[in-house]
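*Asks:* my questions concern the predicted model and sequence given below.
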There are 2 protein chains.
Amino acid sequence: MPPKPWKVLSTQVNKSFRIFNLRTDRAYSPRTRAAHDFYILESTDWVNVIPVTAQGEVILIRQYRHGTREVTLEIPGGIVEPGDTPETAARRELVEETGFKAREMVLLGSVHPNPAFLTNRCFTYLAGDVVRVQTQEQDDKEDIEVEVRSLEEIPRLIRQGEITHALVLAAFYRYYLEYLPHLKAV
Amino acid sequence: MPPKPWKVLSTQVNKSFRIFNLRTDRAYSPRTRAAHDFYILESTDWVNVIPVTAQGEVILIRQYRHGTREVTLEIPGGIVEPGDTPETAARRELVEETGFKAREMVLLGSVHPNPAFLTNRCFTYLAGDVVRVQTQEQDDKEDIEVEVRSLEEIPRLIRQGEITHALVLAAFYRYYLEYLPHLKAV
């Protein structure tokens, strides 16, 4: 028999943080009838963006990340704020973090960052024919450097461990699935 | 100038949950000198496994996930417990969640599930020539159904939104990078 949704017996928000609320759900298993507590982070949706120039360059960013305490190589992205659509959030994060603007935005799809304990989705956009229109607009918590690479380098940067953020890998996989048709035929 | 690591002024564990400790770091920016609080989930490393049979089938699992409150289609995986290596954890999760055992385990690489607020890595293994050796061993919190698919279906399942877990997409991307050499030549 396929797994069934669990029945939620109680749900309680324990604490609010900047990017999520910590919530405890008590739920019982339709398989065993046993009840357990589950710790959930209620999160607003996220977006990330693959910005590509007309010359086939991709606009990456380097930034310090407090979880791993390391400087990482990523694509632009952020939170869908109240009142945003995913696309307006993607356009805003792109220009704020890189100073580049897109001629067209194409939704490549969405993923669940972690369905085990996060409630949200991350929407991935392809930003086409991007051009630099302004300087970056960084807030106090950001420290971002723009790095332009060729699209051809991305698989090597992933294989060599220079790009390690799972959401960035997932975004590039969606990109290659849509735009490198031989992959579809696998 | 490239971004520099922030100086951590204080660090405090606020609460321990089953799969992570919630920690608050106060750190100051080398760019602006302003200090901020950052909420971090200290997490042990995770593993996931792409189990492939000699016939080119891949062993997937369907399970209920409490973050999204939906039944998802994924690959096996779990936590690297104290005393585990990533490989022993991958072998254990594979047999417990699916009943299948691998003739060989190949490390495809590792990713950061989310370097912004998670401290850990997720290691991805290719489990080669898997065969069913026993029934699943599920604990009270699990409710897992095994689903055998052909490897050729995976890109379609991702494009159609049937597989949405970012760590599963990242795992399959590593697999295709290593084993479908035309992708490397992109």
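*Replies:* Arrived safely, thanks for sending.
*Asks:* so how far is B:His112 from A:Arg18?
*Replies:* To B:His112, A:Arg18 is 20 Å away according to C-beta to C-beta, to the nearest Å. For every residue, glycine as well, the C-beta is placed using N, CA and C.
*Asks:* who's more crowded, those two?
*Replies:* Legend: neighbour count by other C-beta atoms under 10 Å in any protein chain shown for A:Arg18 and B:His112, higher for B:His112 (25 against 11).
*Asks:* and the nearest residue to that one once chain neighbours are set aside, its phi and psi?
*Replies:* Residue nearest to B:His112 in three dimensions, not counting chain neighbours: A:Thr164, with 4.8 Å by C-beta to C-beta, 6 or more residues apart in numbering or on different chains. Taking degrees, to the nearest 10, you get phi -130, psi -10 for the backbone angles of A:Thr164.
*Asks:* B:Val111 versus A:Thr164, what's the distance?
*Replies:* Applying C-beta to C-beta, the value for A:Thr164 to B:Val111 is 5 Å.
*Asks:* between those two, what contacts are shared?
*Replies:* Both A:Thr164 and B:Val111 are in contact with B:Arg121, where contact means C-beta atoms under 8 Å, 6 or more residues apart in numbering or on different chains.
*Asks:* buried stuff in stretch A:107-124?
*Replies:* By neighbour count on 16 or more other C-beta atoms under 10 Å in any protein chain shown, the buried set for stretch A:107-124 is A:108-124.
*Asks:* one more: stretch A:88-106?
*Replies:* In stretch A:88-106, counting by 16+ other C-beta under 10 Å, buried: A:89-102, A:105.
*Asks:* now do stretch A:9-26
*Replies:* By 16+ other C-beta under 10 Å, the buried positions in stretch A:9-26 come out as A:Phe17, A:Ile19, A:Phe20, A:Leu22, A:Arg23, A:Asp25.
*Asks:* so what are the sheet partners of whichever helix or strand the last one is part of and their directions?
*Replies:* Taking DSSP states H and E as the definition, one finds A:Asp25 inside strand A:21-28. Here strand A:21-28 is paired, per DSSP bridges, with strand A:7-16 (antiparallel), strand A:35-42 (antiparallel).
*Asks:* how distant is the longest one from the center of its chain?
*Replies:* Between the mean C-alpha point of strand A:7-16 and the mean C-alpha point of its chain there is a distance of 25 Å (C-alpha atoms, centre = their mean, to the nearest Å).
*Asks:* now it: mean pLDDT?
*Replies:* For strand A:7-16, mean pLDDT is 80.
*Asks:* could you export stretch A:117-134 as PDB, CA atoms only?
*Replies:* What follows is stretch A:117-134, C-alpha atoms only, in PDB (Å, rounded to 0.1, in the frame of the first residue of the first chain):
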ATOM      1  CA  PHE A 117      11.500  19.800   7.600                       C
ATOM      2  CA  LEU A 118      11.100  22.900   5.300                       C
ATOM      3  CA  THR A 119       7.600  23.800   4.100                       C
ATOM      4  CA  ASN A 120       8.700  25.900   1.100                       C
ATOM      5  CA  ARG A 121       9.600  25.800  -2.600                       C
ATOM      6  CA  CYS A 122      12.500  27.300  -4.400                       C
ATOM      7  CA  PHE A 123      11.600  28.700  -7.900                       C
ATOM      8  CA  THR A 124      14.400  28.700 -10.500                       C
ATOM      9  CA  TYR A 125      14.400  31.300 -13.300                       C
ATOM     10  CA  LEU A 126      16.600  31.600 -16.400                       C
ATOM     11  CA  ALA A 127      17.400  35.300 -16.800                       C
ATOM     12  CA  GLY A 128      18.200  35.700 -20.500                       C
ATOM     13  CA  ASP A 129      20.400  38.300 -22.300                       C
ATOM     14  CA  VAL A 130      21.400  40.000 -19.000                       C
ATOM     15  CA  VAL A 131      23.300  43.300 -19.100                       C
ATOM     16  CA  ARG A 132      24.900  45.300 -16.300                       C
ATOM     17  CA  VAL A 133      22.600  48.300 -15.600                       C
ATOM     18  CA  GLN A 134      23.800  49.600 -12.200                       C
END
